[in-house]
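**Q** sequence isn't available, so here's the structure alone:
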């Protein structure tokens, strides 16, 4: 069992930060994914994660060190999320087209900026490799990253708790929430910022392309098992932790990229939940 | 006495509308506390616009609109108006129960680190009871019928302890029996809670059954008095002439409408006090 060898062997310190970060990312993704799925914002998560390409390109052009690249990427993702919130106005429906444009625009910006950086040959050359950006690497996650992931998860949980009433009202009935005086714009902006932060946090472990799976799959799976809000959140958290744990174990055993394995596990869990929900007649019927 | 709702010479044109295509033109009306006003008019006649101005959801109008003497936006912020939208756009796949739905508006003003106060929770339970959905309180909203869902949304509105209940086309697509039940429900809420009720609708039967004052609105106000005073001529004028050429001609069965208004007039004992026609 390579998993046990890795986690209990002499090189355990190389792997534990990745596992610890994985659990934090799972928790963060689990609570956000319920809102993402119910507000049909999966595409937004995808768009914000792809904004990371633009951020990496900008970091390259600015010639920042490898350690400072992630804050630049995070800032770029958050600005993208705010841009979507501002452009979409009061209705999140318009966000779809904006996200589509931001997504391809960010990738184009990243490609151009990275090319210009290589041509100019200035600044440090130790920016993350494209492979690591796309698919993540457990070995790239250090203790500081793990601590940041837990801090990010705690901040997201606290923000969602404090904003829960307006956020839930906005999520299930946006026009009425506005009519009753809920701060719908603030709810939308908060959720987008938290999504951006979650994507950046998950990027090192799961990669840009796969980070968004954690923002969709747990919530979508949980909705197949319960039609109670508390039950959906509880299932989402449990399934996300299970998916990350199983994915990392598969990654250790098969020597495959952790991001891909985690996504594979999450999709298998989703398929199982769909089958259970159908057989047991449980969960929320999706329109 | 301060009016529950007062419009003075209110006019409004939607941004981007062609010149002259006003949604409301110099509308003046006054609704006294405890009154039940029905705003009757054709589709596109400005009813929902009037309601949105009263709710503080539209700015940029001329004239003056007040809710219990306050600007509408402030009245909305202070929770003076409970609202039932024309179309219930709630995401029915959301895993939220009837009780949680009813509490969602009432608990908005509770500090996030506190549980809703006992009086708020009591209001939620009373609202659920008043609209007759107590047996469904723990059921997810996605498993309700259309009529049950509408009652839940009314409970959500009254659980905020509003002083005005505003309803936008509440009886669209409801049969005569359903309309009667709905009128009975509004009668109960009016009696038990002392609410001022404002209904906008193009449905004369629904309005006549539930209101003691009617305002006919087709961009301008044509009539503002008891339903018994409605005549086919007023209805024809309100429903056709003013909207023709702007929103397209609108037809109603004026005979049926006047019959309905006549029935209501003889079936209710409301006097002539309260609202006055300013127009």
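**A** Arrived safely, thanks for sending. Remember, it's a predicted structure, so these values are computed and weren't measured experimentally. Numbering: from 1, shown residues only, chains lettered A, B, ... in the order given.

**Q** from now on I want contacts and neighbour counts done on CA atoms only, so please keep to that.
**A** OK.

**Q** which parts of chain A are helices?
**A** Taking DSSP state H as the criterion, chain A contains helices spanning A:2-8, A:12-38, A:42-62, A:66-88, A:95-120, A:130-135, A:143-162, A:164-172, A:174-179, A:184-206, A:208-211, A:217-222, A:229-254, A:258-280.

**Q** lowest-confidence stretch among the ones you listed?
**A** Ranked by mean pLDDT, the helices of chain A bottom out at helix A:130-135, with a mean of 69.

**Q** tally of neighbours for the residue of the stretch 151-279 of chain B found nearest chain A?
**A** For the stretch 151-279 of chain B and chain A, the shortest gap (C-alpha to the nearest C-alpha) falls at residue B:157, measuring 8.4 Å. The number of residues packed near residue B:157 is 29, by other C-alpha atoms under 10 Å in any protein chain shown.

**Q** isn't it up against residue B:80?
**A** No: distance between residue B:157 and residue B:80: 10.3 Å, which falls outside the contact criterion (C-alpha atoms under 8 Å).

**Q** could you check how far the residue sitting furthest away from the middle of chain A is from chain B?
**A** Residue farthest from the centre of chain A, counting by C-alpha atoms, centre = their mean, is residue A:120 at 32.7 Å. Distance of residue A:120 to chain B, computed by C-alpha to the nearest C-alpha, to the nearest Å: 49 Å.

**Q** close to chain B: what parts of the stretch 51-200 of chain A are there?
**A** A:161-166, A:169, A:171-177, A:179-182 (C-alpha under 8 Å from any C-alpha of the partner chain).

**Q** apply 10 Å and report the result again.
**A** A:161-166, A:168-183 (C-alpha under 10 Å from any C-alpha of the partner chain).

**Q** and these, which of them are buried?
**A** The neighbour count (16 or more other C-alpha atoms under 10 Å in any protein chain shown) marks A:163-166, A:168-183 as buried among these.

**Q** give me the residue from chain A nearest chain B.
**A** Taking C-alpha to the nearest C-alpha, chain A has residue A:173 as its residue nearest chain B, at 4.3 Å.

**Q** name the SS class of the nearest residue to that residue once chain neighbours are set aside, please.
**A** In space, residue A:173 comes closest to residue B:90 once its chain neighbours are excluded; the distance is 4.3 Å by C-alpha to C-alpha, 6 or more residues apart in numbering or on different chains. Three-state call for residue B:90 (DSSP: H, G, I helix; E, B strand; the rest coil): coil.

**Q** ok, now how distant is residue A:81 from residue A:190?
**A** 10 Å (C-alpha to C-alpha, to the nearest Å).

**Q** more neighbours, those two?
**A** Neighbours per residue (other C-alpha under 10 Å) separate residue A:81 from residue A:190, with residue A:81 holding more: 31 against 20.

**Q** quick one on the thing from earlier: just checking, the residue of the stretch 151-279 of chain B closest to chain A touches residue B:105?
**A** Yes: between residue B:157 and residue B:105 there is a contact under C-alpha atoms under 10 Å: 7.3 Å.

**Q** common neighbours of these two, please.
**A** A:176, A:180, B:79, B:82, B:124 (C-alpha atoms under 10 Å, 6 or more residues apart in numbering or on different chains).

**Q** okay, and which of those map to strands?
**A** Per DSSP state E, strands hold the following members of the shared contacts of residue B:157 and residue B:105: residue B:82.

**Q** show me which pair in the shared contacts of residue B:157 and residue B:105 is furthest apart.
**A** A:176 and B:124 (17.2 Å; C-alpha to C-alpha).

**Q** returning to what we had before: how many other residues sit next to the residue nearest to residue A:173?
**A** 21.

**Q** check residue B:52 too.
**A** Residues lying near residue B:52 (other C-alpha under 10 Å) number 17.

**Q** ok, now residue A:276?
**A** Residue A:276 has 15 nearby residues by other C-alpha under 10 Å.

**Q** can you check residue B:216 too?
**A** Neighbours of residue B:216 using other C-alpha under 10 Å come to 29.

**Q** pretty sure it is touching residue B:41, no?
**A** Yes: between residue B:216 and residue B:41 there is a contact under C-alpha under 10 Å: 5.6 Å.

**Q** could you pull out the helices in chain B for me?
**A** B:47-55, B:72-77, B:98-106, B:118-130, B:146-158, B:176-193, B:204-210, B:232-236, B:254-267.

**Q** worst average pLDDT in the ones you listed?
**A** Among these, helix B:254-267 scores lowest, with a mean of 41.

**Q** residue B:159 against residue B:125, yeah?
**A** Yes: between residue B:159 and residue B:125 there is a contact under C-alpha under 10 Å: 8.3 Å.

**Q** related to what we said a few turns ago, between residue A:81 and residue A:190, which contacts overlap?
**A** The contact sets of residue A:81 and residue A:190 overlap at residue A:196 (C-alpha under 10 Å, 6+ apart).

**Q** contacting residues around the closest residue to chain A within the stretch 1-150 of chain B?
**A** Residue nearest to chain A within the stretch 1-150 of chain B: residue B:90 (4.3 Å; C-alpha to the nearest C-alpha). By C-alpha under 10 Å, 6+ apart, residue B:90 lies in contact with A:169-177, B:101, B:141-142, B:149, B:153.

**Q** so what touches stretch B:132-148?
**A** Contacts of stretch B:132-148 (C-alpha under 10 Å, 6+ apart): A:227-229, A:284-286, B:88, B:90-102, B:125-129, B:131, B:149-155, B:171, B:174, B:178, B:182, B:185.

**Q** so what's the most far-flung residue of chain B relative to its centre up against?
**A** Farthest-out residue of chain B from its mean C-alpha position, per C-alpha atoms, centre = their mean: residue B:113, at 33.7 Å. Applying C-alpha under 10 Å, 6+ apart to residue B:113 gives the contacts A:161, A:162, A:163.

**Q** and the gap between the last one and residue A:247?
**A** It refers to residue A:163. 32 Å.

**Q** tell me, what's touching residue B:159 and residue B:125 both at once?
**A** The contact sets of residue B:159 and residue B:125 overlap at B:102, B:103 (C-alpha under 10 Å, 6+ apart).

**Q** okay, those two: which has more neighbours?
**A** Neighbour count, other C-alpha under 10 Å: between residue B:159 and residue B:125, residue B:159 has more, with 25 against 19.

**Q** could you report the separation of the more buried one from residue A:272?
**A** Taking C-alpha to C-alpha, one finds residue B:159 at 40 Å from residue A:272.

**Q** repeat that for residue B:113.
**A** Distance from residue B:113 to residue A:272, by C-alpha to C-alpha: 37 Å.

**Q** now residue B:81
**A** Residue B:81 is 46 Å from residue A:272, by C-alpha to C-alpha.

**Q** more neighbours, these two?
**A** residue B:81 (28 against 14).

**Q** and the closest residue to residue A:140 other than its chain neighbours, how many residues sit next to it?
**A** Using C-alpha to C-alpha, 6+ apart and skipping residues adjacent in sequence, the residue nearest residue A:140 is residue A:204, 6.7 Å away. Neighbour count for residue A:204, taken as other C-alpha under 10 Å: 27.

**Q** likewise residue A:13?
**A** By other C-alpha under 10 Å, neighbour count at residue A:13 equals 14.

**Q** try residue B:20
**A** For residue B:20, the neighbour count with other C-alpha under 10 Å is 9.

**Q** what does residue A:119 give?
**A** Residue A:119, neighbours per other C-alpha under 10 Å, totals 9.

**Q** residue B:155 too?
**A** 31.

**Q** quick check, it in contact with residue B:162.
**A** No: in this structure residue B:155 lies outside contact range of residue B:162 using C-alpha under 10 Å: 11.2 Å.

**Q** beta partners of the residue nearest to residue B:200 when sequence neighbours are not counted?
**A** Nearest residue to residue B:200, sequence neighbours excluded (C-alpha to C-alpha, 6+ apart): residue B:39, at 4.5 Å. Taking DSSP bridges as the rule, residue B:39 bridges to residue B:200, residue B:215.
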